[in-house]
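**Q** Task: produce atomic coordinates for the following.
(one chain, ligands or ions: 1)
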Amino acid sequence: EYPNEGKVAWKAPSNIALVKYWGKKPNQIPANPSISFTLNACATTTSLAFQKLDKKSDTFSFDLFFEGKPKEDFTPKIITFFERIERYVPFLKGYHFIIETSNSFPHSSGIASSASGMAALALCLLSIEKLANPTLGEDYLKMKASFLARLGSGSACRSIEGDLIQWGAYEPISKSSDLYGIRYPFRVDSVFKNYHDTILLVHKGQKTVSSTVGHDLMHDHPFAQQRFQQAHHNLDKLKEVFEKGNLNEFIKIVESEALTLHAMMMTSLPNFVLMKPNTLEIINRIWAFRKKSKTHVCFTLDAGANVHVLYPESEKKEVFQFIQDELVAFCENGHYICDRIGHGAKQL
Ligand code: PMV
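**A** Numbering: from 1, shown residues only. Predicted coordinates:
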């Protein structure tokens, strides 16, 4: 029996891909498998209040508040999300919802909130399902939350659990799926425990090209097939890298993935460039410092100009000093976020 009214809330983290998802088939099916670190500090908190309608409506209804204020520009995204998931969430049309959401990171910092936001909302909906069906198991709820989140934003399916999440059918992992993310099942060396990600906010404005458009441009892309194969190869190589804690190989794969993602953008038709001069300045300084210091600092990028600086816990002092001395100057207003690998979403 579904309750007449109530309120549920979740905090879901963002994630940063190591092997990138770029290119998709219909229904948010990824063109290649990907793997990501779940983050800790960058997160979205969402509460979902629900009130049963007198009779089942033929459409869903909701009010949306972002950081305490009504937010119209998110409405179309939520409508699209609800339309895609209504067949899997039959109670959606029986309630009026009040969605209140906020991010831990500053608004318009150039950090996308779609992954953490869609993950938090999907988890809230699953909590309502659990209220009506208390015997549903944790594994089912996590898997379905990831499945629903994927329909909101592909990479959101990797924002339910921690620490290392793999999404997309990938032969060596029999239970992997295009439909939801799973925890990476192989051994991971302890050097990756507490791994740091300091996010340098190079450019806080809106991206000139959305990731939806970017994914679409992988259709008919001259290098698409090679790229999708390369992602498989990189996942193959990462298995041993994680098992042995081989940071030098880790760096090669992760940086190549980041630059390849941007190379795909630059070789799309029409082409586009999301890196800024300071993105390249930071990359060059990371390379120079790594050579000089013998640390294992490396970078990755998502679909934007900001740089994620990755390094192990044991090197945090030296690398963080370098970030402050040399890299912060290239951030917009000196802004950056200290994050690290995290353990997944939490119910509040
Ligand atoms: O989830 P989307 O559709 O916003 O795509 C995200 C794509 C990248 O962030 C660039 C890569 C990834 O795997 O997260």
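
**Q** Dump the C-alpha coordinates for stretch 44-59 into PDB.
**A** Taking Å, rounded to 0.1, in the frame of the first residue of the first chain, the C-alpha atoms of stretch 44-59 are listed here in PDB:
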ATOM      1  CA  THR A  44      23.300  17.100  -4.400                       C
ATOM      2  CA  THR A  45      20.800  16.900  -1.600                       C
ATOM      3  CA  THR A  46      17.300  16.300  -2.600                       C
ATOM      4  CA  SER A  47      14.100  15.900  -0.600                       C
ATOM      5  CA  LEU A  48      10.900  14.700  -2.200                       C
ATOM      6  CA  ALA A  49       7.600  15.400  -0.500                       C
ATOM      7  CA  PHE A  50       4.600  13.500  -1.900                       C
ATOM      8  CA  GLN A  51       0.900  13.800  -1.500                       C
ATOM      9  CA  LYS A  52      -1.600  11.300  -3.000                       C
ATOM     10  CA  LEU A  53      -4.000  12.800  -5.400                       C
ATOM     11  CA  ASP A  54      -7.800  12.100  -4.900                       C
ATOM     12  CA  LYS A  55      -7.900  10.100  -8.100                       C
ATOM     13  CA  LYS A  56      -5.000   9.000 -10.300                       C
ATOM     14  CA  SER A  57      -4.100  11.800 -12.700                       C
ATOM     15  CA  ASP A  58      -3.200  11.100 -16.300                       C
ATOM     16  CA  THR A  59      -0.100  13.200 -15.800                       C
END
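
**Q** mind listing what's buried in that stretch?
**A** 44, 45, 46, 47, 48, 49, 50 (16 or more other CB atoms under 10 Å). Placement of C-beta: from N, CA and C, glycine included.

**Q** is it true that the fifth one lies in a strand?
**A** Yes. Counting by DSSP: H, G, I helix; E, B strand; the rest coil, residue 48 falls inside a strand.

**Q** if we can go back for a sec, could you dump the buried residues of stretch 44-59 to a markdown table with distance to the ligand and pLDDT?
**A** Below are these laid out as a markdown table (distance: CB to the nearest ligand atom, whole Å; pLDDT from 0 to 100):
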| residue | distance to the ligand | pLDDT |
| --- | --- | --- |
| 44 | 14 | 97 |
| 45 | 20 | 97 |
| 46 | 17 | 98 |
| 47 | 23 | 98 |
| 48 | 21 | 98 |
| 49 | 27 | 98 |
| 50 | 26 | 97 |
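
**Q** what are the phi and psi values for residue 135?
**A** phi -80, psi -10 (degrees, to the nearest 10).

**Q** Touching, residue 240 and residue 246? I think so.
**A** Yes. The pair residue 240 / residue 246 is scored as a contact, 7.0 Å apart, by CB atoms under 8 Å.

**Q** Of the two, which one has the most company?
**A** residue 246 (17 against 11; other CB atoms under 10 Å).

**Q** what sits against the more buried one?
**A** Residues near residue 246 by CB atoms under 8 Å, 6 or more residues apart in numbering: residue 240.

**Q** please begin residue numbering at 52 from this point
**A** All right, first residue 52 from here; so that's residue 297.

**Q** picking up where we left off before, which of the buried residues of stretch 95-110 sits closest to residue 75?
**A** For these, the closest approach to residue 75 (CB to CB) belongs to residue 95, at 22.3 Å.

**Q** pull the CA atoms of stretch 190-197 into PDB?
**A** What follows is stretch 190-197, C-alpha atoms only, in PDB (Å, rounded to 0.1, in the frame of the first residue of the first chain):
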ATOM      1  CA  ASP A 190      20.600  -4.700  -4.000                       C
ATOM      2  CA  TYR A 191      17.400  -4.400  -6.000                       C
ATOM      3  CA  LEU A 192      16.900  -0.800  -4.800                       C
ATOM      4  CA  LYS A 193      20.400   0.300  -5.700                       C
ATOM      5  CA  MET A 194      20.300  -1.400  -9.100                       C
ATOM      6  CA  LYS A 195      16.900   0.200  -9.900                       C
ATOM      7  CA  ALA A 196      18.000   3.600  -8.700                       C
ATOM      8  CA  SER A 197      21.000   3.400 -11.000                       C
END
